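>>> here's a sequence, model it:
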Amino acid sequence: MTRRKFGSYLGLCFVLALAAQAQQDDFHDAVARAARLSTLAEPGARPFHLKLTAQDTTMRNPEYNAEIEVWWAASDKWRRSVKSLAFTQIAIQNRGRYYESNSEAAYLPYWFDELIRGSVDPIPVEALANVSADADRPACGNWEVVHGSGDEMFSSYASMCFNPDGTAREIFAEPIGLKLAAYQEFGNKRVARQLNVWPGDRSEVTARVTVLEPLENGEYSGSGTPISNLFDAPDDTGLASRVRFVSIPESALATSDSPARPPLSWPSSYTFPVNGVIAVRVQIDRVGNIREFPSAISKNQAINTIAVAQIKNWKFKPYLVDGSPVEVVTTLHVPFHLKYQPLGANGKEFPPISFGAHIKQYRALSDLRAERSKPFRLRASFVLGGDQAGRYEETWQSPDEWTRQVELGGIVLGETRTSGNTATNFNGGILWRPKLQAVLSAMQDRLPDPRTFQEADWGISAVPESNVDPSSVGDSSEPVLIRAARGAVDANNHPTSGQAYWFDSDGLLRANFAEGATVVNSKFAPWDLKQVPRRIELFIATTPAAVVTVSSIEAP
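A predicted model of the protein is given here:
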């Protein structure tokens with residue numbers, strides 16, 4: 001690299017670094033602004049009385065009916081009352097004296113804690129202090145949360161979004177899940193009058209602020225009790241011993257000496273990956289028992305519930321803060337190792353090759369249009385279902401430079417891609433275009449978009465070779481193909497929706513199904529060290545629609 005080019009490269013890196021830093025500063029400035037706008041309980045803020053009621057608006061579970069009431073005079077002078085079937089509490093702080101009385105269960109559910117904090121201090125500024133957010137969505141900061149390591153590493157994504165006035169609209173940042181709406185003015189603050197949280201069992205809890213008023217000297221209108229007496233603490237139970245959640249890494253937890261953890265057991269799987277790690281978010285009570293499983297994520301979503309079932313009785317030593325046990329929210333990373341067994345294997349073993357690995361194998365063995373492939377000109381003839389004969393021709397230079405067209409009785413449908421842009425020309429009637437477009441589509445592999453590809457979406461089956469023909473019924477004595485598919489099938493196990501791809505034992509793509517059409521490849525022959533199908537059959541549903549015969553492939 002020349003000195004001039006190297007200097008330009010450094011300059012570009014410096015500009016990109018400045019832009020990234022500016023983006024981070026913008027996000028953290030937006031978080032701080034949202035906190036200034038909406039935090040009720042902060043030093044020097046206006047005293048207030050707030051009442052909030054909540055209910056499950058989806059599953060109608062009465063366990064999530066709740067009421068929160070707060071009288072707040074200062075950061076060290078306040079009273080809180082919370083009521084629900086799961087947990088009740090009276091908490092009072094009056095200067096250096098703290099009193100707390102909890103229900104017998106003494107476990108504060110995390111969704112309830114989210115509402116308590118969200119009602120008076122909704123923006124977790126400290127939790128977001130080290131976030132590196134980008135701006136993929138307008139008015140939102142988004143960032144990646146990495147789980148696992150090495151080949152087993154995968155990511156989930158978090159975000160915080162803002163309204164045009166600077167208030168927060170939603171926060172989905174592990175372990176926080178909070179939606180804020182219906183903002184109204186309260187003094188110099190803008191306060192969300194509706195909050196939504198998700199306990200993790202398909203329920204959605206909607207909470208509404210029913211009272212928000214200044215807390216003035218005199219008598220509290222609800223009971224006639226003097227305001228000053230509301231903060232009388234009958235006892236001092238100690239601030240450190242209060243029920244609260246802390247978010248910690250898994251490494252900070254110590255497992256209990258008993259009971260002993262049984263070895264994990266896993267089923268056979270027809271989805272990939274077969275080895276990896278599951279990230280399970282858990283909430284743990286003050287004696288070390290796991291109480292809630294709001295989410296479990298992995299690259300193989302089919303086994304997440306199995307992981308939860310096996311770890312639900314794990315026990316940890318109490319986690320202490322300032323000498324007192326606290327409730328914990330953390331993410332456990334549980335490794336899994338599955339035996340690969342495609343559907344329909346009937347006891348026969350197959351090499352554990354994922355759909356993604358099959359795609360890579362196909363690209364190397366058979367795909368004329370793969371990156372860095374040799375340019376070619378391909379000519380073919382085709383016959384439609386009604387015996388009309390036509391021609392197909394394609395000239396390919398690179399993935400962004402090619403042209404292809406079909407011609408039938410003087411009617412031409414062509415596509416040309418240049419510098420990343422695709423242009424289409426057609427000179428026939430509207431009834432002919434779908435037929436010619438189907439032939440163009442049949443000449444492509446129609447593999448899934450790599451930008452949205454998720455391995456776990458695809459089930460792997462072992463099927464007889466005749467399964468590629470939608471009009472036939474398979475015979476178990478036939479040679480077996482591996483089919484990766486997502487969607488529904490009919491009584492003969494042929495796909496009827498979604499997508500499907502069939503691979504033989506040599507790694508060749510024998511057929512594909514998408515948008516109701518099946519394309520079957522056969523009569524493979526070599527060209528430029530690749531095995532290329534010379535016969536392509538197209539079926540629309542179960543009806544034969546076209547047969548394409550490749551007559552020549554040559555360098556352009």
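>>> all helices of this protein, in order?
In the chain, the segments counted as helices under DSSP state H are 3-38, 110-120, 227-230, 304-311, 355-365, 433-442.
>>> most tightly surrounded among these?
For the helices of the chain, the largest average neighbour count (mean count of other CB atoms under 10 Å) is found in helix 110-120, namely a mean of 23. Quick note: C-beta positions are derived from backbone N, CA and C, even for glycine.
>>> ok, back up a step: any chance of the helices of the chain in CSV, plus mean pLDDT?
Shown next, in CSV, are these (pLDDT from 0 to 100):
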stretch, mean pLDDT
helix 3-38, 63
helix 110-120, 96
helix 227-230, 82
helix 304-311, 91
helix 355-365, 96
helix 433-442, 95
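>>> ok, which of those comes nearest V383?
Taking CB to CB, helix 433-442 is the member of these nearest to V383, at 10.2 Å.
>>> so which other helices or strands are in contact with that closest one?
On a contact count with 3 or more CB pairs under 8 Å, 6 or more residues apart in numbering; DSSP states H and E, helix 433-442 meets strand 376-384, strand 389-398, strand 401-408, strand 411-418, strand 517-527, strand 530-540, strand 543-554.
>>> now the ones you listed in a markdown table, with distance to K360, mean pLDDT and mean neighbour count?
Listed next are the helices and strands packed on helix 433-442 as a markdown table, based on distance: least, CB to CB, whole Å; pLDDT from 0 to 100; neighbours: other CB atoms under 10 Å:
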| stretch | distance to K360 | mean pLDDT | mean neighbour count |
| --- | --- | --- | --- |
| strand 376-384 | 21 | 97 | 18 |
| strand 389-398 | 19 | 97 | 17 |
| strand 401-408 | 22 | 97 | 18 |
| strand 411-418 | 23 | 96 | 17 |
| strand 517-527 | 18 | 97 | 18 |
| strand 530-540 | 14 | 97 | 19 |
| strand 543-554 | 22 | 96 | 16 |
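>>> on that earlier part again, select, out of the helices of the chain, the one closest to L264.
So among the helices of the chain, helix 304-311 is nearest, using CB to CB, at 5.5 Å.
>>> can you list contacts of that closest one?
Helix 304-311 is contacted by residues 264-267, 278, 280, 282, 290, 293, 296-298, 332, 334, 336 when judged by CB atoms under 8 Å, 6 or more residues apart in numbering.
>>> I'd like to know which of those residues are buried.
Among those, those buried by neighbour count (16 or more other CB atoms under 10 Å) are W266, I278, V280, V282, I290, F293, A296, I297, S298, L332, V334, F336.
>>> quick one, longest strand in the protein?
strand 324-337 (DSSP state E).
>>> low-scoring stretches of the protein, by residue?
Along the chain, the parts satisfying pLDDT under 70 run over 1-24, 218-225, 259-260, 474-476.
>>> give me the distance between the most centrally placed residue in it and R281.
With distances taken as CA atoms, centre = their mean, the residue of the chain nearest its centroid is S156 (6.1 Å). Distance, S156 to R281, using CB to CB, to the nearest Å: 10 Å.
>>> anything in contact with each of those two?
Between them, S156 and R281 share these contacting residues under CB under 8 Å, 6+ apart: E174.
>>> so which of the contacts of helix 304-311 sit within strands?
Residues of the contacts of helix 304-311 located in strands (DSSP E): I278, V280, V282, I290, F293, A296, I297, L332, V334, F336.
>>> tally of neighbours for the closest residue to V277 other than its chain neighbours?
Counting by CB to CB, 6 or more residues apart in numbering, G148 is the residue found nearest to V277 once chain neighbours are left out, at 4.1 Å. G148 has 17 neighbouring residues, counting by other CB atoms under 10 Å.
>>> got the phi and psi for G148?
phi 70, psi -170 (degrees, to the nearest 10).
>>> which residues touch it?
F154, G276, V277, A279, H333.
>>> surely the third one and P335 touch.
Yes - using CB atoms under 8 Å, V277 is in contact with P335, at 5.2 Å.
>>> so what sits against both of the two?
E152.
>>> who's more crowded, those two?
The residue with more neighbours, out of V277 and P335, is V277; 22 against 13, by other CB under 10 Å.
>>> show me what contacts that one?
So V277 contacts H147, G148, E152, F154, S298, H333, V334, P335, F336 (CB under 8 Å, 6+ apart).
>>> for the residues you listed, which one is nearest G410?
F154 (53.4 Å).
>>> isn't the closest one right next to V145, touching?
No - between F154 and V145 there is no contact, the gap being 9.9 Å when judged by CB under 8 Å.
>>> residues contacting V328?
In this structure, V328 makes contact with F245, V246, S247, I248, L253, Q283, I284, F316, Y319, judged by CB under 8 Å, 6+ apart.
>>> select from the residues you listed the one having the most neighbours.
Per-residue neighbour counts (other CB under 10 Å) across the contacts of V328 peak at I284, which has 25 neighbours.
>>> leaving out sequence neighbours, find the closest residue to it.
V328 (4.3 Å).
>>> turn the contacts of V328 into a markdown table, including distance to R60.
Below are these laid out as a markdown table (distance: CB to CB, whole Å):
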| residue | distance to R60 |
| --- | --- |
| F245 | 26 |
| V246 | 32 |
| S247 | 30 |
| I248 | 34 |
| L253 | 35 |
| Q283 | 23 |
| I284 | 28 |
| F316 | 33 |
| Y319 | 34 |
